[in-house]
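Novice: I need the structure of the sequence given here:
(chains A and B)
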Number of protein chains: 2
Amino acid sequence: MQNKIVILSGGMDSTTVLYEVVHNYSARNTKALTFNYGQKHSIEVDKAKVSCDLLNVEHKIIDISFLGNLVGNVSALVTASDIDVPTIEEILGDPAPITEVPYRNLILASLGLSYAQAQDADEIYLGLQAQDEYSYWDTSSAFVDALNHVSALNRKHSIAIKAPYTKLSKSDELKIGKRLNVPYENTWTCYTGPDENGKACGTCPSCSERIMAFMKNHMIDPVPYVIDIPWET
Amino acid sequence: MQNKIVILSGGMDSTTVLYEVVHNYSARNTKALTFNYGQKHSIEVDKAKVSCDLLNVEHKIIDISFLGNLVGNVSALVTASDIDVPTIEEILGDPAPITEVPYRNLILASLGLSYAQAQDADEIYLGLQAQDEYSYWDTSSAFVDALNHVSALNRKHSIAIKAPYTKLSKSDELKIGKRLNVPYENTWTCYTGPDENGKACGTCPSCSERIMAFMKNHMIDPVPYVIDIPWET
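Specialist: I've put the predicted structure just below:
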């Protein structure tokens, strides 16, 4: 069997994909690839490490902090003018950035494809998920289809891009994770990062979506929140 | 007018594209983007700088040496077994590598598109050229077409990928450069790098192609060669 590469951010979507790929194939044939953006600490990257350790999956972390230099003048892209302009480190890799990182998923997929060829893999998996409240053009199934047409031109190596959740809501995706017993305490979604007690804010767009998905599934999110959440199981 | 981004390696193809774009638009609207691979010295990058200075074109150089870490085990890709295995620094960015860098042009184009959006550009230019003796799948016009279908999905920003020489021979491309008076002494093609006198080898596949193109156009290549070339004008 050829290897499978999972682009793993440490968020809910890509961690669920990782568990699904390991379930469908094997831990031995699965390799996770995480990008960090030069932060000293990143709870998402730490969570990604934990998941790979638990699953016994080979994990490669690649520093792509050069992106900050490439798209340095992101302030022009800021749309929410009453929010402080974030640093590039603050917004890159965030599931709900107030600025968009241009062509982010194309860049990450390209690097994933390159790694896949070097690792003799025939598939790369992306945790792209149809957001309920917002979405970028490069999270759509049309994006994945078009990128597969590019990769199909690779004569020597046949590598497909898979993004099984592009058409699923977060709560439908969570149903899959529930069946696979994904330990969601090892994922991080909150935009603002953990507070001094390691808690998520519970109010940012990403937290809101995540909490809603757990509620719809009558599940309790194991991640601790600063605010009280009226969980019903 | 929106900006134009030229991915500039410092080789013959991308330097000719740079001169053509500046000729068709303006130096003010043209921005060159060069990738280096962490080498201490690179004659190609130096040549790229000279061209941008001469043309008064803004020039950004981005270090993507992380690619060596990403596709570390390239030795598996080496096809010419009687040639010493090169380091990743030796082969990345080379026009005629004995190992292929997987998805190289997809990665570079993705980064170029990202930069283009940040710079409010509507076109990126690649110096891909139909090689006479060899070619990679990601230098073809089919590759460029497929990638344009990906980029066309970008709802907010319309950015086209242009690669005007994919269907031209090197000698036809050189005809364009001759009309534009491209000073080819400011380009570097040789795979092996300059010798202690700054001369190109004249015998590697890249040198061979370049010399042939100049000969077909009855031009003398201003780059000095170690071997005697029987130029006829």
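Novice: From what I see, A:H23 and A:L180 are in contact.
Specialist: Yes - A:H23 lies in contact with A:L180 (Cβ atoms under 8 Å); the separation is 5.7 Å. Glycine gets a C-beta too; all of them are placed from N, C-alpha and C.
Novice: and A:T189, that one's in a helix?
Specialist: No - going by DSSP: H, G, I helix; E, B strand; the rest coil, the assignment for A:T189 is coil, not a helix.
Novice: Next up, the contacts around it.
Specialist: Listed by Cβ atoms under 8 Å, 6 or more residues apart in numbering or on different chains, the contact set of A:T189 reads A:G11, A:M12, A:P95, A:A200, A:S206, A:C207, A:E209, A:R210, A:V223.
Novice: which residues of chain A fall in helices?
Specialist: A:12-24, A:43-55, A:66-70, A:88-91, A:104-118, A:141-151, A:170-179, A:205-216 (DSSP state H).
Novice: Which stretch among those approaches chain B most closely?
Specialist: In terms of Cβ to the nearest Cβ, the element of these nearest to chain B is helix A:104-118, at 3.5 Å.
Novice: okay, the angle between that closest one and helix A:141-151?
Specialist: In terms of direction (axes from the mean of the first three to the mean of the last three Cα atoms, to 10 degrees), helix A:104-118 departs from helix A:141-151 by 40 degrees.
Novice: how far is helix A:104-118 from where the chain is centred?
Specialist: Centroid displacement of helix A:104-118 relative to its chain, using Cα atoms, centre = their mean, to the nearest Å, is 14 Å.
Novice: From the contact counts, what lies against that helix?
Specialist: Here helix A:104-118 is seen to pack against strand A:3-7, strand A:30-36, strand A:121-125, helix A:141-151, helix B:66-70, helix B:104-118 when contacts are counted using 3 or more Cβ pairs under 8 Å, 6 or more residues apart in numbering or on different chains; DSSP states H and E.
Novice: any idea which of these scores lowest on pLDDT?
Specialist: Note on these: lowest mean pLDDT is at helix B:66-70, with a mean of 86.
Novice: Return the helix or strand in chain A with minimum mean pLDDT.
Specialist: Ranking every helix and strand in chain A by mean pLDDT, DSSP states H and E puts helix A:88-91 at the bottom, with a mean of 54.
Novice: A:I43 - how many residues pack around it?
Specialist: 16 (other Cβ atoms under 10 Å in any protein chain shown).
Novice: about what we covered before: which one, of the helices and strands packed on helix A:104-118, ends up nearest to A:A109?
Specialist: helix A:141-151 (5.9 Å; Cβ to Cβ).
Novice: Pull out the buried positions in that closest one.
Specialist: Across helix A:141-151, burial judged by 16 or more other Cβ atoms under 10 Å in any protein chain shown covers A:F143, A:V144, A:A146, A:L147, A:N148, A:V150, A:S151.
Novice: what's the answer for stretch A:198-210, then?
Specialist: A:A200, A:C201, A:G202, A:C204, A:P205, A:S206, A:C207, A:S208, A:E209, A:R210.
Novice: Need the worst-confidence member of those.
Specialist: Scoring the buried residues of stretch A:198-210 by pLDDT puts A:P205 last, at 80.
Novice: That one contacts A:C190, correct?
Specialist: No - A:P205 is beyond contact range of A:C190, at 10.1 Å (criterion: Cβ under 8 Å).
Novice: separation between A:I43 and A:D228?
Specialist: 22 Å (Cβ to Cβ, to the nearest Å).
Novice: for A:R28, same thing?
Specialist: Going from A:R28 to A:D228 by Cβ to Cβ gives 43 Å.
Novice: Which one of the two is surrounded by more residues?
Specialist: Neighbours per residue, other Cβ under 10 Å: of A:R28 and A:D228, the larger number sits with A:R28, 12 against 7.
Novice: From A:L108, how far out is the nearest residue to A:V182 once chain neighbours are set aside?
Specialist: Leaving aside its sequence neighbours, A:V182 sits nearest to A:Y19 (Cβ to Cβ, 6 or more residues apart in numbering or on different chains; 4.7 Å). Distance from A:Y19 to A:L108, counting by Cβ to Cβ: 20 Å.
Novice: and if you look at A:F143?
Specialist: From A:F143 to A:L108 the distance is 12 Å (Cβ to Cβ).
Novice: Next: A:K175.
Specialist: Noted for A:K175: a distance of 26 Å to A:L108, by Cβ to Cβ.
Novice: between those two, who's got more neighbours?
Specialist: With neighbours defined as other Cβ under 10 Å, A:K175 and A:L108 compare such that A:L108 has more, 23 against 16.
Novice: thought the more buried one was touching A:I7?
Specialist: Yes - counting by Cβ under 8 Å, A:L108 touches A:I7, with 5.9 Å between them.
Novice: can you list residues touching both of these two?
Specialist: Listed as contacting both A:L108 and A:I7 by Cβ under 8 Å, 6+ apart are A:F35, A:L126.
Novice: which residues of chain A score low on pLDDT?
Specialist: Residues of chain A meeting the criterion pLDDT under 70: A:38-41, A:73-100, A:131-135.
Novice: again, 90 this time
Specialist: A:36-42, A:64-102, A:129-140, A:155-156, A:190-193, A:203-206, A:208-209, A:232-233 (pLDDT under 90).
Novice: Nice, that's everything, thank you.
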